[in-house]
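Participant: The sequence and its predicted three-dimensional model are supplied below.
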Amino acid sequence: ELARGRTMEAGCLRPGQTRAYVLSSAGKPIFARDGPDGEIVPLAGVMQALFSLARDRDDDLRHIHAGGSSIVFLERGPIYLVAVTPPDDPPQAAARLLHFLHLQIVALLTGGIEKVFARDASYDLRPLLTGSENALRRVISAGELTPALALGSVSYLPLAPPARALTAAPSPYAASRRASHLPAG
């Protein structure tokens with residue numbers, strides 16, 4: 001059970017809501033979408049143990065279904081990312097969201113973060129990310145609200161009805177070219 005009586009049961013997740021957690025390979029919490037760092041500390045040890053267990057077995061931990069939720073794992077070097085989603089959300093969409101979250105972290109901290117972790121696996125990144133939490137939360141929210149991001153597709157362009165009618169109408173140029181290539185007769 002998490003602080004303030006919240007649990008990771010399915011009842012706590014709204015449809016489409018994703019909880020995201022980021023931790024170091026040493027099990028140190030880096031970021032939690034919802035709430036203070038104190039809430040991720042008990043979970044960070046469990047998540048790190050799952051990653052270690054999979055590595056010891058030469059396995060690639062991708063996702064599991066537990067407690068009415070889907071839990072998706074992504075390992076990017078010394079950074080572990082975990083998403084908890086409703087069970088009907090596709091794990092691939094959550095994995096893509098975690099990938100974008102990792103890219104945002106690297107963009108905020110620069111790519112040299114792997115070197116820092118190589119020197120000290122228990123390095124605490126939280127001070128470096130102070131003030132960036134909202135940017136990380138916006139990445140997660142965008143993944144929930146923008147299907148194109150989660151699906152890796154092209155976003156649609158909303159058009160007013162007059163503009164839509166104009167684009168749907170055949171081009172007079174194309175119509176005249178087509179007619180000139182038709183056989184006479």
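Facilitator: Yep, that arrived.

Participant: buried residues in the helix of greatest length in the chain?
Facilitator: Looking across the chain with DSSP state H, the single longest helix is helix 91-109. For helix 91-109, the neighbour count (16 or more other CB atoms under 10 Å) marks P91, A93, A94, A95, R96, L97, L98, L101, H102, Q104, I105, V106 as buried. Every C-beta, even on glycine, is put in place using the N, C-alpha and C of the backbone.

Participant: if we look at it, which residues are touching it?
Facilitator: When contacts are defined by CB atoms under 8 Å, 6 or more residues apart in numbering, helix 91-109 is touched by residues 18, 20, 22, 30-31, 62-63, 70, 72, 74, 76, 79, 81-83, 85, 113, 125, 128-129, 132, 135-136, 139-140, 143-144, 149-152.

Participant: Which of these fall in strands?
Facilitator: Using DSSP state E, the subset of the contacts of helix 91-109 located in strands is 20, 22, 30-31, 63, 70, 72, 74, 76, 79, 81-83, 85.

Participant: Send me stretch 126-146 as PDB with only the CA atoms.
Facilitator: The C-alpha coordinates for stretch 126-146 follow below in PDB (Å, rounded to 0.1, in the frame of the first residue of the first chain):
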ATOM      1  CA  ARG A 126      16.500  13.800  -8.500                       C
ATOM      2  CA  PRO A 127      18.400  17.100  -7.800                       C
ATOM      3  CA  LEU A 128      19.300  17.400 -11.500                       C
ATOM      4  CA  LEU A 129      15.600  16.900 -12.500                       C
ATOM      5  CA  THR A 130      14.300  19.400  -9.900                       C
ATOM      6  CA  GLY A 131      11.900  21.700 -11.700                       C
ATOM      7  CA  SER A 132      11.500  19.300 -14.600                       C
ATOM      8  CA  GLU A 133       8.800  17.100 -13.100                       C
ATOM      9  CA  ASN A 134       6.000  19.000 -15.000                       C
ATOM     10  CA  ALA A 135       7.800  18.400 -18.300                       C
ATOM     11  CA  LEU A 136       8.000  14.700 -17.500                       C
ATOM     12  CA  ARG A 137       4.300  14.600 -16.500                       C
ATOM     13  CA  ARG A 138       3.300  16.400 -19.700                       C
ATOM     14  CA  VAL A 139       5.100  13.600 -21.700                       C
ATOM     15  CA  ILE A 140       2.900  11.000 -20.000                       C
ATOM     16  CA  SER A 141      -0.200  13.100 -20.300                       C
ATOM     17  CA  ALA A 142       0.500  13.600 -24.000                       C
ATOM     18  CA  GLY A 143       0.800   9.800 -24.400                       C
ATOM     19  CA  GLU A 144      -2.600   9.300 -22.800                       C
ATOM     20  CA  LEU A 145      -4.400  12.000 -24.800                       C
ATOM     21  CA  THR A 146      -2.700  11.700 -28.200                       C
END
